[in-house]
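A.B. asks: My questions concern the predicted model and sequence given below.
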Amino acid sequence: MGAHGPVTRFAVPTGSLGEVHGSLRSSRPGPEEECTVCLGIPGEVVELLDSNRHLAKVDVAGVRRNINILLLEDEGVAPGDWVLIHVGFAMAKIDEAEAQEALETLRQMGQAYADEVQAVMESQIA
């Protein structure tokens, strides 16, 4: 069980909605259709950049990028916190153990993990 309730790793039945540490979603395809999944990747907040624009710098697998933390405004994000990131936005706060577990799970997923790290590397939030 994760900090945000039950956690489904990456086995999501076709046509259902699920979560991988808070940010996996399905496009609700029919029974014979392929399930489209969006992943969140853990990153450690290393610096708060601009509180007016809700920007923070995170370290994701050795890559540092700026992300938007507006969605976590009520939770109070600080350097040292771990967050789940999807397309440049912090979607949820998680603890370090959960972050490491999620990273290991993502590494085991192979190409999906590589794609998510690539998306972080290409993000241009300034």
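C.D. replies: It's in.
A.B. asks: I'd like to check which residues are in contact with the spatially closest residue to residue 88 that is not a sequence neighbour.
C.D. replies: Of all residues not flanking residue 88 in the chain, residue 123 sits nearest, at 4.4 Å (Cβ to Cβ, 6 or more residues apart in numbering). Yep, even glycine has a C-beta here, placed from its N, CA and C like the rest. When contacts are counted by Cβ atoms under 8 Å, 6 or more residues apart in numbering, residue 123 is found next to 65-67, 87-88.
A.B. asks: which one's the longest strand in this structure?
C.D. replies: In the chain, assigned by DSSP state E, the strand with the most residues is strand 41-50.
A.B. asks: who's residue 85 bridged to?
C.D. replies: Beta bridges link residue 85 to residue 41, residue 90, judged by DSSP bridges.
A.B. asks: Verify the stated contact: it with residue 56.
C.D. replies: No. Using Cβ atoms under 8 Å, residue 85 is not in contact with residue 56; the gap is 10.1 Å.
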